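In: the following block contains a protein sequence and its predicted model.
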Amino acid sequence: MPLASAAPPASVPSAGAVPSADAAPTVGVAPDSGAAPVGPRPAMVGPVPGPLSVVTAFDPPARRWLPGHRGVDLAAAPHSPVLSPADGTVSFAGAVAGRPVVSIDHGSGLRTTYEPVAADVRAGDAVAAGARIGRLLAGHPGCPVVACLHWGARVASGGPSGDDDDYVDPLALLADAHRPIRLKPTLPGDGVG
């Protein structure tokens, strides 16, 4: 699957504080998914310590079977801890196509996935927001830096097999205090600045 070109890095605070219980953002879904927007969910913290640096942005395909980037890639040092961004239960920890992956079910149909991660957890383990689930490994295909964590998020669409689940931008799940600040670029002569 081709990856999107690297986006300019964006910084955002990470897993410093657990969001308040009343935080509940509403998140959209990938275009043309045919699904309704995701309902309120507990706001999340970043899955790596410190400011998040996005090196490849979420780039959903126009149709679910087309190529796209169904998550974000976050730059981090090799062997950095990978953290659960919200409470949940580990649904998978193992290899997928030869890559070490951890997936967490956060309830309400939301599942997040992380790779490449040397897991500290096993399927069935309960995890709390900010808990270490493993450590980041180098070698993520398409990563433009030494190591980056691919963070994906899917929302159940109600289909029996899960094949129709909708990918969402995991950055949109972050508590407001943890979201990247995105500024519109200015051009010379546009009267700004």
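Out: Thanks, I have it. Residues are numbered from 1 along each chain as shown.

In: where in this protein is pLDDT low?
Out: 1-42, 67-69, 158-164, 176-193 (pLDDT under 70).

In: in it, mark out all the strands, start to finish.
Out: Applying DSSP state E to the chain gives strands spanning 11-12, 52-56, 72-75, 81-83, 88-96, 99-105, 110-115, 117-119, 126-127, 132-136, 148-155, 166-168.

In: highest mean neighbour count out of the ones you listed?
Out: strand 72-75 (a mean of 26; mean count of other Cβ atoms under 10 Å). C-betas here are computed from N, CA, C, even on glycine.

In: now do the contacts for the residue lying closest to Ala131 once chain neighbours are set aside.
Out: Excluding its sequence neighbours, the residue lying closest to Ala131 (Cβ to Cβ, 6 or more residues apart in numbering) is Ser84, at 5.0 Å. By Cβ atoms under 8 Å, 6 or more residues apart in numbering, Ser84 lies in contact with 47, 104, 127-131, 133.

In: gap between Ser84 and Asp169?
Out: From Ser84 across to Asp169, the span is 18 Å (Cβ to Cβ, to the nearest Å).

In: swap in Arg70?
Out: From Arg70 to Asp169 the distance is 10 Å (Cβ to Cβ).

In: overlap of the contact sets of those two?
Out: In contact with both Arg70 and Asp169: 58, 60, using Cβ under 8 Å, 6+ apart.

In: count of neighbours near Arg63?
Out: 11 (other Cβ atoms under 10 Å).

In: and if you look at the one 3 residues further on?
Out: Look at Leu66: counted by other Cβ under 10 Å, it has 10 neighbours.

In: OK, contacts around the residue nearest to Trp151 when sequence neighbours are not counted?
Out: Once flanking residues are discounted, Trp151 sits nearest to Pro170: 4.9 Å by Cβ to Cβ, 6+ apart. Pro170 makes contact with 44, 58, 71-72, 85, 112, 151-153, according to Cβ under 8 Å, 6+ apart.

In: one more: Leu149?
Out: Going by Cβ under 8 Å, 6+ apart, Leu149 touches 47-48, 73-74, 76, 82, 114-115, 117, 136, 140.
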